[in-house]
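**Q** structure, please.
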Amino acid sequence: MNYISRLVLPTFTFLFSVITPGLAHNYNTQGICTDADCTEPYEPPTLQDGWYLLANAGNVEWFSAHVNQGGNNIFSKAKMVADIDFTGVTHTPIGVNDVTKFNGKFDGQGHRIMNMKIRTTKDLQGFFGGLRGGGTTVCNLIIDKSCQIAGKQRVGGIAAFAQTIVGEPIVIENCVNEANITGTSTAVGGIFGGSMSPHPAIHIRNCINKGIIRGSGESATIAGWLGDNAGSLVENCYNTGRLTGIDSSKRNMVRHGGSSAVRNLFELYSNSTYTQGMKKDWITDLPKTSGELCYLLSCGQNADVWRQTLGEDELPLPFGGSGKVYLCGKSYCNGDLIEGESFFSNEDEGLVVLGHEYAKGHCLVCGGLQPGYSFAPRKVFLMGGQSNADGRSATGTMPQYIRDYVDKGGSRFCYWSYANGTEEAWQMFSGKMTPYMPYTDNNTTSRCGFDAIVYHLIEEALQERFYVIKESRGGTAIDPRCNSTGNLWWCADADWLSTASPRSGHSLTLEFVENIGLCIDNVLSQLEEGYRIQCIMWHQGEADRTQPAAYHDNLRQLVAYLRACIVEKTGDPSYATLPFIAGTVNRSSTQYNAVVEQAVLQLATEDPNFHVVDMSDCKLGSDVLHFDATGSIDAAQRMFEKLKSLGLLEEEDPTGVSSLPAEGERNGSNVCYDLQGRQVANGTAISGKTPDIYIRNGRKILNPSR
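**A** From the prediction side, this is the model:
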């Protein structure tokens, strides 16, 4: 009996301690166990209605360890119920690596993480390590200025990285980073570090960065690398912190792959070389304290999100008990405020929105269409070529009116579709015509060609909507015997085309024709007022320098092919003489060839509708190949002057034809008239002279027989 007691009693005591381990724990105010040799050092948080309630650093670390175990734990939910002090506590990022990522809900409820120090040489450092696509949400969280986060690559204040495309986008909203964030490598951001392949859609809304952001390159104040998912967006955010490690695109707030939506950003740490968020037309002298910034951040969304008690709050916050900010006084129809007649208040004192100012059927302020206005056929311009048309000038170096397209969501009047032989551009732009915006390539560089300036000049001249269909790619030749860095050619030889196809089949020509057709079918043919293709603008020839003797015949063949395809698609024979306007290669270029230039000049003597713009001295950049911003402006101005001289920007002139006969009295749908209103057949001589221009269906048409 005593023997059994001696055996059983210790065994019973051991079992009791395993079954009820919580009885042995003593936690301090930070939720850290003070017992010696404790293997479960963190205080478990309270679980209420499926949410873990985090009240101290131990609760947070317990939750981190819980999520980092993986499995269904990654879908857990947590709320902060107090500001949390991490003094003396080492934080392990929630979502520890690319295998185990957080896929749940986290609500900071406006509370702060304080005195959290992460100093390491490892990748993937932040309060959250990894977020997983599929509805993950992190909101209402402040990383206090007392915190520091340092790592190697993909380092962020709120989250270090995101990965995995599953269902709904990841959402980071109403979050603030005040901490200094440092990475010794790339993808460093105040809110978010960098996406990893496969890139999920990420929505970052209503966030602030105040900390200093330091990276070795490819870093930004909100998101160091958002990824290349077209479903991603960043909106309604501002920055007051200094940035080092920005890349050549000068995207200071958000780096992304080009297809993501980035809008309504405000850069308050001014730097003239930045390309995002530069707001220069404040109507108040102190926009941060006047309420103007708060109002603009709330534009287009629930006004309760951004709040600021004027006279008390230094800056607006995306949560909290401060007052709403109202715009009072007067604004223009597009929402822009009228200086001297607008002010902000925590009391709604009323706002008068001025009416539209219409001219030629468009509002001069917002670009909106005037109801009931009868428009002339819309002008359509085609643009093609290689690198200088494709664009090699960083958007940040271009004039402010080009940079404004990025901040304002595109052009007022220029709608475009762009292809360059890549599947990425094809998916984004093919057959769709959207407000012109500088294109961002797959190296995440926002850049323009001289054509961007041309569109702006056309816009200023017309003050009405027009359309552009563009096809261009750097390093491409017409002659397949010449090297093409993109493995794409402009060849129009019938035998070569019979074996080629768009994009992966190496033909820019076929892709251009395909996209023209799609744009006509999807957009232009649907215009009630109709459309008219004005010309093809062209800049190319550098890559054909190795076969210069063939350039004349190759380009002539391409011009004829493009014209013929447009005639076939539209059924309009006048496009057989569609103006073709070619810019020449700068004579200082490393790829200039005099024979190529002479071929272009010769075509202008042979074809009265082939025109040359001298760009031989337009300034080049440091590569001595591509136009810099100054050269782009110069080249564009010369192209624009040529458009004007050819009458391609003018309204249709009055003619002797006041009206067409009634439909039942016409001899078919293509009855033609001369400029005096006499009915003629296409190309028929009148008094022994063939007219250069005649009228068909109410339009002036160049005589295709001339």
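**Q** stretch 178-191 spans what distance, first to last residue?
**A** This stretch, stretch 178-191, spans 10 Å end to end (Cα to Cα, to the nearest Å).
**Q** show me what counts as buried in that stretch.
**A** Residues of stretch 178-191 classed as buried: 178-191 (neighbour count, 16 or more other Cβ atoms under 10 Å). In short, each C-beta sits where N, CA and C put it, glycine included.
**Q** tell me which of those is nearest to Gly31?
**A** Distance to Gly31 across the buried residues of stretch 178-191 (Cβ to Cβ) is lowest for Ala179, with 21.4 Å.
**Q** surely that closest one is in contact with Gln148?
**A** Yes: Ala179 lies in contact with Gln148 (Cβ atoms under 8 Å); the separation is 5.9 Å.
**Q** what do the two both touch?
**A** Residues touching both Ala179 and Gln148 by Cβ atoms under 8 Å, 6 or more residues apart in numbering: Met116.
**Q** how close does Asp544 get to Ile402?
**A** Asp544 is 29 Å from Ile402, where distance means Cβ to Cβ, to the nearest Å.
**Q** more neighbours: which of these two?
**A** Asp544 (28 against 23; other Cβ atoms under 10 Å).
**Q** got a list of what that one touches?
**A** For Asp544, the contact set (Cβ under 8 Å, 6+ apart) comprises Ala477, Ile478, Asp479, Cys482, Ala550, Tyr551, Asn554, Asn593, Val596.
**Q** phi, psi of it?
**A** As for Asp544, its main-chain torsions (degrees, to the nearest 10) stand at phi -90, psi 10.
**Q** got the domain ranges for this structure?
**A** As assigned by automatic domain parsing, the chain contains the domains 79-280, 380-536+582-645, 663-702.
**Q** mind checking the SS state of the residue nearest to Ser430 when sequence neighbours are not counted?
**A** Of all residues not flanking Ser430 in the chain, Asn515 sits nearest, at 5.5 Å (Cβ to Cβ, 6 or more residues apart in numbering). Recorded secondary structure, Asn515: helix (DSSP: H, G, I helix; E, B strand; the rest coil).
**Q** coming back round to it: and the buried residues of stretch 178-191, which is closest to Asn115?
**A** Nearest to Asn115 out of the buried residues of stretch 178-191 is Ala179 (Cβ to Cβ; 10.3 Å).
**Q** list the contacts of that closest one.
**A** Neighbour list for Ala179: Met116, Ile143, Asp144, Lys145, Ser146, Cys147, Gln148, Ile149, Gly157, Gly211 [criterion: Cβ under 8 Å, 6+ apart].
**Q** how about 7 Å then?
**A** Ala179 sits next to Ile143, Asp144, Lys145, Cys147, Gln148, Ile149, Gly157, Gly211 when contact means Cβ atoms under 7 Å, 6 or more residues apart in numbering.
**Q** can you get me a residue count around Gly361?
**A** Neighbour count of Gly361, defined by other Cβ under 10 Å: 18.
**Q** doesn't Gly368 make contact with it?
**A** No: using Cβ atoms under 7 Å, Gly361 is not in contact with Gly368, being 9.7 Å away.
**Q** distance of Val188 from Asp123?
**A** The gap separating Val188 from Asp123 is 11 Å, by Cβ to Cβ.
**Q** likewise for Thr244?
**A** 19 Å.
**Q** just Pro93 next, same as before
**A** For Pro93 relative to Asp123 (Cβ to Cβ), the value is 11 Å.
**Q** so those two - more neighbours on which side?
**A** Ranked by neighbour count (other Cβ under 10 Å), Pro93 and Asp123 place Pro93 first, with 25 against 22.
**Q** give me the pLDDT value at the nearest residue to that one once chain neighbours are set aside.
**A** Leaving aside its chain neighbours, Pro93 sits nearest to Gly129 (3.2 Å; criterion: Cβ to Cβ, 6+ apart). Per-residue confidence (pLDDT) for Gly129: 97.
**Q** assumed Gly129 was part of a helix.
**A** No: using three-state DSSP, the secondary structure at Gly129 is strand, not a helix.
**Q** distance-wise, check it relative to Lys330.
**A** To Lys330, Gly129 is 49 Å away according to Cβ to Cβ.
**Q** more neighbours, the two?
**A** Gly129 (29 against 16).
**Q** on that earlier part again, indicate which one of the domains of the chain is closest to Glu357.
**A** Distance to Glu357, taken as Cβ to Cβ, is lowest for domain 380-536+582-645 among the domains of the chain, at 11.0 Å.
**Q** and that closest one, how far out from the chain's middle?
**A** Distance, stretch centre to chain centre, for domain 380-536+582-645: 19 Å (Cα atoms, centre = their mean, to the nearest Å).
**Q** quote the end-to-end distance of it.
**A** From start residue to end residue, domain 380-536+582-645 stretches across 17 Å - Cα to Cα.
**Q** quick one: mean pLDDT over that domain.
**A** Per-residue scores along domain 380-536+582-645 average to 92.
**Q** wait, Arg132 sits on Asn103?
**A** Yes: under the criterion of Cβ under 7 Å, Arg132 makes contact with Asn103 at 4.0 Å.
**Q** which neighbours do these two share?
**A** Ile74.
**Q** before we move on, the earlier item: Throw the contacts of Ala179 into TSV and include neighbour count and pLDDT, thanks.
**A** What follows is these, written out as TSV (neighbours: other Cβ atoms under 10 Å; pLDDT from 0 to 100):
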residue	neighbour count	pLDDT
Ile143	29	98
Asp144	20	98
Lys145	15	97
Cys147	24	98
Gln148	16	97
Ile149	30	98
Gly157	34	98
Gly211	28	97
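**Q** save those residues as TSV, and put in distance to Met433 too.
**A** Listed next are these as TSV, based on distance: Cβ to Cβ, whole Å:
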residue	distance to Met433
Ile143	43
Asp144	47
Lys145	47
Cys147	47
Gln148	48
Ile149	44
Gly157	39
Gly211	41
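**Q** related to what we said a few turns ago, now do the same contact list for the residue nearest to Pro93.
**A** Shown in contact with Gly129 (Cβ under 7 Å, 6+ apart): Pro93, Ile94, Gly95, Val96, Asn97, Ala160.
**Q** from those, which two are the most distant?
**A** Longest span within those, Cβ to Cβ: Ile94 and Asn97, 11.5 Å.
**Q** those two: who's more crowded?
**A** Ile94 (29 against 16).
**Q** just checking, that one touches Gly126?
**A** No: if you go by Cβ under 7 Å, Ile94 and Gly126 don't touch, sitting 8.9 Å apart.
**Q** with adjacent residues omitted, what lies nearest to Tyr439?
**A** Of all residues not flanking Tyr439 in the chain, Tyr418 sits nearest, at 6.1 Å (Cβ to Cβ, 6+ apart).
**Q** kindly apply the preceding question to Asn28 instead.
**A** Thr34 (5.6 Å).
**Q** and for the one you found, the neighbour number?
**A** Neighbour tally, Thr34, other Cβ under 10 Å: 10.
**Q** my guess is it contacts Pro41, does it?
**A** No: contact between Thr34 and Pro41 fails when scored by Cβ under 7 Å: they sit 9.2 Å apart.
**Q** which other helices and strands does the longest helix along the chain contact?
**A** Looking across the chain with DSSP state H, the single longest helix is helix 551-570. Using 3 or more Cβ pairs under 7 Å, 6 or more residues apart in numbering; DSSP states H and E, the elements in contact with helix 551-570 are helix 508-522, helix 594-606.
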